[in-house]
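Visitor: just the structure for this:
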Amino acid sequence: MEFFKIRRDIPFMRHALVLNAISAITFALAVFFLVTRGLHLSVEFTGGTLMEVSYSQPADLQKVRTQVASLGFAEAQVQNFGNARDVLIRLPVQKGQTTAQQSERVLQVLKADAPDVVLKRTEFVGPQVGDELLTDGLKALAFVVVGIMIYLAIRFEWKFAVSGIIANLHDIVIILGFFAFFQWEFSLAVLAAVLAVLGYSVNESVVIFDRIRENFRRYRKMNTVEVIDNAITSTISRTIITHGSTQVMVLSMLLFGGETLHYFAMALTIGICFGIYSSVFVAAAIAMWLGIQREDLIRPVKKDGDPGDENRGAVV
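Guide: Got it, this is the predicted structure:
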């Protein structure tokens, strides 16, 4: 399916050096902010008090957030739990206050507006649990990266594997750089979004890599740069349809999903935008600079004693 068809190939690789220089600067800034500012970790990683309260009617989450914030818990997380009447509240650690004292203060404020609210449970999540969650999350990220490299190397060629994973890590580090620079809260939901972006970004790279391999087989007179430009140009319509429809859904979560989904949708939005950019200008350009050529993707098959053209009988 195509909304439009471009008749002339766009010379993307002509501007690859300049755009990758911009990417390198952006990447370096992201690393700088990660090192100097660090991530603003949520209660799930740092530890704190976990409360579950129940209302007799569907709870107004925005009002609950305002009430909890009035006590000085500006970074508290408030979300529905199971149904619209049950609310889960995560409170950060405050010096000089125990879990019981924190939960009692919050419950008093909630009861002032809704006397029927009931405290179902309260518990303390220690920082050790948060450290384990962070470690497990980083392990999951590492396993995904290694899996993508193995997949690309088997399906295509090692040069595509290297360029693809560099482009993917480029996206991930820039997302984390945004969160470090603006000190947005980094939660488990955001970590899930980062992992989702990895798979989403590599899919776009695979589409372009597949078209490059197909073009090498189809257009024997094109050089590598022309093959890559044609592959990217011919997939533009598909890219607009796919990423446009996905971005509409993500923007709906960003605008109407409330605070619970806000940073999750923000991470996906940044990942989608940079995923398109990196697949075109980072992954394809690095593959070109690594010297990808027709012989890397199309292996000539010769019969014994056949002195004919080496491209005869070529298979992918």
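Visitor: okay, CA-based contacts and neighbour counts for the rest of this
Guide: OK.
Visitor: for stretch 82-95, what is the average pLDDT?
Guide: Mean pLDDT, computed over stretch 82-95, is 86.
Visitor: next one: stretch 140-152
Guide: 81.
Visitor: hey, C-alpha coordinates of that stretch in CSV?
Guide: Coordinates of each C-alpha in stretch 140-152 appear next as CSV, following Å, rounded to 0.1, in the frame of the first residue of the first chain:
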residue,chain,number,x,y,z
ALA,A,140,17.0,-7.3,29.9
LEU,A,141,18.3,-4.4,27.8
ALA,A,142,21.6,-6.2,27.3
PHE,A,143,19.9,-9.4,26.2
VAL,A,144,17.7,-7.6,23.7
VAL,A,145,20.8,-5.8,22.2
VAL,A,146,22.7,-9.1,21.9
GLY,A,147,19.7,-10.8,20.4
ILE,A,148,19.2,-8.1,17.8
MET,A,149,22.9,-8.3,16.8
ILE,A,150,22.7,-12.1,16.3
TYR,A,151,19.4,-11.8,14.4
LEU,A,152,20.8,-9.2,12.0
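Visitor: how far is it from where the chain is centred?
Guide: From the chain centre to the centre of stretch 140-152 is a distance of 14 Å (CA atoms, centre = their mean, to the nearest Å).
Visitor: and for stretch 210-224?
Guide: For stretch 210-224, the distance to the chain centre is 30 Å (CA atoms, centre = their mean).
Visitor: contacts for that stretch?
Guide: For stretch 210-224, the external contacting residues (CA atoms under 8 Å, 6 or more residues apart in numbering) are 227-228, 230-232, 288, 292-294, 297-298, 316.
Visitor: now do that stretch: distance from first to last residue.
Guide: Distance between the two ends of stretch 210-224: 14 Å, counting by CA to CA, to the nearest Å.
Visitor: now that stretch: buried residues?
Guide: For stretch 210-224, a neighbour-count test (16 or more other CA atoms under 10 Å) marks 211-217, 224 as buried.
Visitor: so of those, which ones are in helices?
Guide: 211-217, 224 (DSSP state H).
Visitor: which element is residue 59 on?
Guide: For residue 59, there is no host helix or strand (DSSP states H and E).
Visitor: may I have the phi/psi pair for the closest residue to it other than its chain neighbours?
Guide: Using CA to CA, 6 or more residues apart in numbering and skipping residues adjacent in sequence, the residue nearest residue 59 is residue 85, 5.4 Å away. Backbone torsions for residue 85, taken as degrees, to the nearest 10, come to phi -90, psi -20.
Visitor: now residue 118
Guide: Note on residue 118: backbone dihedrals following degrees, to the nearest 10 are phi -130, psi 130.
Visitor: now for it, how many residues are close by?
Guide: 16 (other CA atoms under 10 Å).
Visitor: that one against residue 85, yeah?
Guide: No. Counting by CA atoms under 8 Å, residue 85 is not a contact partner of residue 118; they are 10.5 Å apart.
Visitor: overlap in contacts of the two?
Guide: In contact with both residue 118 and residue 85: 54-55, using CA under 8 Å, 6+ apart.
Visitor: next up, the contacts around residue 77.
Guide: By CA under 8 Å, 6+ apart, the contact set of residue 77 is 65, 88-91, 260.
Visitor: lovely, talk soon.
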